[in-house]
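Chemist: A structural model of the following input is requested.
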Amino acid sequence: MVDVTVDLPRNPGSAVRESAHPLDDAVREALLGEHARFAQWRGRIGRYHPDVAGHLGHPQQLSTQDWDDLAGIVGPGEETSVRGFGHEVPAGWEVVGGFDSVQLDGSALAVDHDPDAVVLGADDVPDILDLVGRTNPGPYRIRTVEMGRYVGIRVDGRLVAMAGERLHPPGWTEISAVCTDPAFRGRGLATRLVRDVGAGIVDRGETPFLHALASNVTAISLYETLGFKLRKRSYVTRVRTPATDR
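Modeler: Next up is the predicted model:
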């Protein structure tokens with residue numbers, strides 16, 4: 001990946017809140033708020049520091065200038081994601097795919113602090129990345145642990161399950177990176193950790209939510225049994241920036 005982090009401003013500049021609800025654009029809302037310390041901006045396009053997360057925040061309708069800023073912030077010849085379907089990309093850009101996702105509201109999640117859950121920090125990152133590599137819950141980077149409270153369960157010192165907090169728009173916190181070592185599945189560890197992470201969120205007076213691939217019906221069914229309810233479906237388009245700087 002091309003490193004374009006040096007000259008990116010942390011001040012959002014012309015970026016303003018455009019959503020009627022914080023969850024309608026959770027990435028942008030988080031970058032303008034609780035996660036502003038991780039934010040890098042070009043015009044109305046914001047992203048997390050690439051060591052933290054790969055998420056981009058952008059207006060619903062992308063102008064020519066927005067596409068230019070998006071290319072500048074991501075770098076030439078790189079793949080990234082934009083919300084929505086049917087984008088007319090500028091010359092030099094390429095649509096490379098896409099996927100459907102769901103957003104689930106955890107207002108009714110039954111939460112509970114788990115006595116076996118241990119808080120994970122920077123020293124645990126090697127173990128976290130090892131577990132993520134074996135379970136593939138989604139992208140996880142070397143500083144993702146800084147986004148919020150991550151907890152895990154260890155057996156004989158080995159990290160076998162984890163979950164944590166990711167996006168943090170006003171009043172809400174996303175539960176993410178829910179995963180269990182294949183050898184320890186079927187014991188309810190993921191459920192316990194989701195409830196524990198949810199308890200920490202509720203303790204702050206906030207509400208849990210999460211995202212899942214629409215195709216992951218097994219996970220969605222599990223979350224629904226815990227009290228999560230479908231809030232919205234959305235489509236994410238994968239695009240590739242022009243191969244050279246514009």
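Chemist: going by C-alpha atoms from here, please, whenever you check contacts or count neighbours.
Modeler: Will do.
Chemist: the helices in this structure, which residues?
Modeler: Secondary structure of the chain by DSSP state H: the helices cover 26-31, 64-74, 125-135, 189-203, 217-225.
Chemist: tell me the angle of the fourth one relative to helix 217-225?
Modeler: Spelled out, that is helix 189-203. Using axes from the mean of the first three to the mean of the last three C-alpha atoms, to 10 degrees, the direction of helix 189-203 lies 50 degrees away from that of helix 217-225.
Chemist: try the third one
Modeler: Compare the direction of helix 125-135 with that of helix 217-225 by the same axes, to 10 degrees and you get 120 degrees.
Chemist: got the contact list for helix 125-135?
Modeler: If you take C-alpha atoms under 8 Å, 6 or more residues apart in numbering as the criterion, helix 125-135 is touched by 138, 140-142, 145, 158-161, 177, 179-182.
Chemist: may I see the helices of the chain arranged in CSV, with distance to P169 as well?
Modeler: Below are those laid out as CSV (distance: least, C-alpha to C-alpha, whole Å):
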stretch, distance to P169
helix 26-31, 4
helix 64-74, 21
helix 125-135, 24
helix 189-203, 12
helix 217-225, 21
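Chemist: let's have the ones you listed in CSV, adding mean neighbour count.
Modeler: Formatted as CSV, the helices of the chain follow (neighbours: other C-alpha atoms under 10 Å):
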stretch, mean neighbour count
helix 26-31, 25
helix 64-74, 19
helix 125-135, 16
helix 189-203, 23
helix 217-225, 14
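Chemist: how about the ones you listed in CSV, adding mean pLDDT?
Modeler: Output for these, formatted as CSV (pLDDT from 0 to 100):
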stretch, mean pLDDT
helix 26-31, 97
helix 64-74, 97
helix 125-135, 98
helix 189-203, 99
helix 217-225, 96
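Chemist: returning to what we had before: filter the contacts of helix 125-135 to the buried ones?
Modeler: 140-141, 145, 159-161, 177, 179-181 (16 or more other C-alpha atoms under 10 Å).
Chemist: any chance you could map the strands in this structure?
Modeler: Assigned by DSSP state E, the strands in the chain fall at 39-42, 45-48, 56-57, 79-83, 94-105, 118-120, 150-155, 158-165, 172-180, 207-213, 229-240.
Chemist: so what are the sheet partners of the last one and their directions?
Modeler: In other words, strand 229-240. Sheet pairing of strand 229-240 (DSSP bridges) gives strand 79-83 (antiparallel), strand 94-105 (antiparallel).
Chemist: cool, the first one as well?
Modeler: Strand 39-42 sits in its sheet next to strand 45-48 (antiparallel), going by DSSP bridges.
Chemist: wait, what's in contact with P242?
Modeler: Residues near P242 by C-alpha under 8 Å, 6+ apart: 71, 76-78, 92-94.
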